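Okay, structure incoming, though there's no sequence with it:
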């Protein structure tokens, strides 16, 4: 049975209004089936950032100056096709240092030095795989265009439906340090990819939480992740929202360890969005979830719903991890934008 | 966008008949939004129990004499609001010993000594968080009232539905040993919280299974968990049911290790209750499930359905764990309440 | 409440046409309730295979000569009842060697030597449990008949529905090395059991992926798992499909370690089959999934859908595991059966 030729993009019409402007450097035949040509383009710069504890740190950025870890959150709508030109500004010396690092290195000396962009969840040709095996890396000083297609759900001839690509995914390097990008991800080359359907909730804020090597959250540990409860300043690892905002979390794991993501005072449905569409949905509801390397999930919550403003802990629930600093906060400000009001005291009666 | 003020408790009417009797010590404004005042109250005593291998053991109990690990199973219906007054009968000496324990301790010497009650899944104000950060612990010799609200599903203005709080949760200490309760949970301060919806199955029996540190089930190992197959006596780690009973399991993990919960001869749907409401439900069916620290889930099964009475193993499927004693049984008695009848022999033909 | 006697096999009629031929050696009363007599029978031989690194390797086979690891994939339809006669051709010396192996052994010297067949997901009497505890092993030189019943979904009196047994399961030894089969599974005694419903997709190919001890895929490591990209030859760890084929993966974990299963270029719904039946299904879509010991899942994908032919990596995403060889490929041939055509080059613009 050959199904491929009969695939029907029954849902592609949902993307009415997308302008199919040709992207420089990508021609027909170089895109996944269903994407005639990319309708969007961006450039991602891979940069060296200040070292931490003497170890290299790298980041993806939409500009060289804004490179960071995690990298920029990329949002797509199912049906869209995105061309990303990656520019490699990392020196051969640094890449060699990571390849020779006894902890995150060990790659084959015969492989070329470079960085790459490998993504989860969406469709891409082998030439956009971001691996040595598919000869799709970005050499030192070079650039390369990757094409991602957020394929919608497709009807198969047997009446079943391919699941599409909407979800909370992540992208990362696959060639720095080792052929699996162990040194690249550990140095900061990771970020969130969120693919939506038109009917999905539109969040007020999006927070990216990467549970990484050495019990870190986005490669930081408490107190480095901390933000002053009296005057919290939002950062890549300091999550600040106002009561009543719809905030979404995009969570991913990487490295070698397994973690459990836990958030105090809030919970979510264990499905694609964290919210329900019918009251009969039998899905389980969770506030703690196992997160293995490269697992990713996301959910939307109303910040402080029922529980109000406050400093809500967000931590790995592996005790050794949380005890060693794998913890931060979701600071929910009151509706005037102020931090937690003084707590009522009378619950003490001793 | 501010959603919070528009939340409508569309399902709160499901709780008709709940008497909203004021609870001593809790006044309006000290409860999560949606709970005007708690409709139920209980007292939980935190007690020292006989040491095991020289290490302290603690337990929650509805009376001082009935404290145990796991603690009492707390059941709520969505819509209910529960006030729990926790009395701390644990000595400062024992709490200090746990803080200084090299395995489960290491907390900050500046933090006060005490115990707490932190819960998963339901709603609570910061003052009921049970953490140092939210100044919500119970000092030595003191007491404190925690308020939990089993928020029902709520409609959001965008047509989506907040998932409510029904589920198999757990509660635990968050301040003994370390700021994450590593010493408290490892000593026995944990128990099950089950939040139901009106339409949920009503089990004949509920079994709590905590997969804890050192490859223990509710802090016990085989053969300590064992019960005589000839005359099994139900206990906190000896699960005995009669063929045909609807039994539910409330399962939780804690400590540092990941486990897989496996039950012989029975399986369940991987959703909120383990059972289906329609024959079209596409959910996966499992008899083995990964359980990370603070993960919790539950399910209902008909004991012995199709497979009959017998000694059905319940164990962690991590081989090192099961081989070192992380195993017990679900003993299913026949309908007369007797253990497994002699097995038919003729299946051997050697 | 006793539900058992009221169970109604409302869905058993779905199995119209199954001939209930009596199986030699199995009589009424020796089968799970709902299975009057097995309607199918097979013989499984347990054989010694060539050693690897000096360690014993064992396999299940439908004939002595075809024994392999993983063993033969067993497919059942819900409603079927299968009798499997297991013949133990493994020597006492080898079984004793595995029991004394410091890594995978340590079983009780008082237990008899033998092998067994324990399965997940389907129904079986204690006499088909495959454990010492239920006296259901196959002694050296002996044979034993196990009966498995793929119970359909059943309506319970309370309106709920038992979940049936359709799923991607696995079978394995439970008595070699230790009372939990640590030595048996580590030596090769495992295989896939797939239970279908009539409406499930019919795959063109089925691939079994066992993530086992020592970061192996079906007990092999790259490059042993590898197959020549220029001329890939399908094997137990070299997955080769043609573009457009509907291929299913049956994935299982065993041993002590946790893994994450990742496949490049493809994804699937996180439900029982990997495909959807309605476009409104809120299930999450994944391409990476945590896999603990004895966890199993499966899914169907259209090989190369949208992404075309190519060498698609399939690996554990725990970096230490993939870096040490826990990786292979799904080779998707083009519609003429040829390997990946040369890749388009112009995406490079450096």
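Cool, the structure landed. Predicted model only: the values in this text are computed from it and were never measured. Residues are numbered from 1 along each chain as shown, chains lettered A, B, ... in the order given.

What number of residues are in the vicinity of whichever residue of the stretch 51-200 of chain A sits closest to chain C?
Nearest residue of the stretch 51-200 of chain A to chain C (C-beta to the nearest C-beta) works out as residue A:142 at 3.1 Å. Where you see a C-beta, it was placed from the backbone N, CA and C, and this is true even at glycine. Applying other C-beta atoms under 10 Å in any protein chain shown, we find 15 residues neighbouring residue A:142.

That one reaches residue A:115, doesn't it?
No - with contact defined as C-beta atoms under 8 Å, residue A:142 and residue A:115 do not form a contacting pair (9.6 Å).

which stretches of the stretch 251-350 of chain A form helices?
A:319-323 (DSSP state H, counting those that start in this stretch).

Please read the previous query as pertaining to chain A.
A:92-99, A:182-187, A:319-323 (DSSP state H).

any chance of the ones you listed in TSV, with distance to residue B:79, mean neighbour count and mean pLDDT too?
Compiled in TSV, the helices of chain A are given as follows (distance: least, C-beta to C-beta, whole Å; neighbours: other C-beta atoms under 10 Å in any protein chain shown; pLDDT from 0 to 100):
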stretch	distance to residue B:79	mean neighbour count	mean pLDDT
helix A:92-99	55	18	98
helix A:182-187	45	29	98
helix A:319-323	32	23	98
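
Tell me which of the ones you listed sits nearest to residue C:259.
Residue C:259 sits nearest to helix A:182-187 of all the helices of chain A, at 15.6 Å, using C-beta to C-beta.

Could you see whether chain C lies near the closest one?
Yes - residues of helix A:182-187 are located near chain C by C-beta under 8 Å from any C-beta of the partner chain, namely A:182, A:185, A:186.

again with stretch A:248-264
Yes - legend: contact between stretch A:248-264 and chain C by C-beta under 8 Å from any C-beta is shown at A:254, A:255, A:256, A:258.

check contacts around the first one.
Translated: residue A:254. Listed by C-beta atoms under 8 Å, 6 or more residues apart in numbering or on different chains, the contact partners of residue A:254 are A:170, A:172, A:185, A:186, A:190, A:210, A:211, A:212, A:213, A:293, A:294, C:319.

do the last one as well
Counting by C-beta under 8 Å, 6+ apart, residue A:258 touches A:290, A:291, A:292, A:293, A:318, B:258, B:292, C:258, C:290.

Tell me, how many residues neighbour the second one?
Taking other C-beta under 10 Å as the criterion, the count of residues near residue A:291 is 25.

For it, name its beta-bridge partners.
Beta bridges link residue A:291 to residue A:259, judged by DSSP bridges.

thought it was touching residue A:257?
No - here residue A:291 lies out of contact with residue A:257, judged by C-beta under 8 Å, at a distance of 9.5 Å.

Name the member of the residues of stretch A:248-264 next to chain C with the shortest distance to chain B.
Closest approach to chain B among the residues of stretch A:248-264 next to chain C (C-beta to the nearest C-beta): residue A:258, at 5.4 Å.

domain ranges for chain A?
Following automatic domain parsing, chain A resolves into domains at A:4-196, A:205-333.

and the closest residue to residue A:52 other than its chain neighbours, what does it touch?
Nearest non-adjacent residue to residue A:52, counting by C-beta to C-beta, 6 or more residues apart in numbering or on different chains: residue A:219, 7.6 Å away. Residues in contact with residue A:219 (C-beta under 8 Å, 6+ apart) are A:52, A:57, A:69, A:186, A:188, A:210, A:212, A:213.

my read: the last one touches residue A:221, true?
No - between residue A:213 and residue A:221 no contact is recorded; they are 11.1 Å apart, counting by C-beta under 8 Å.
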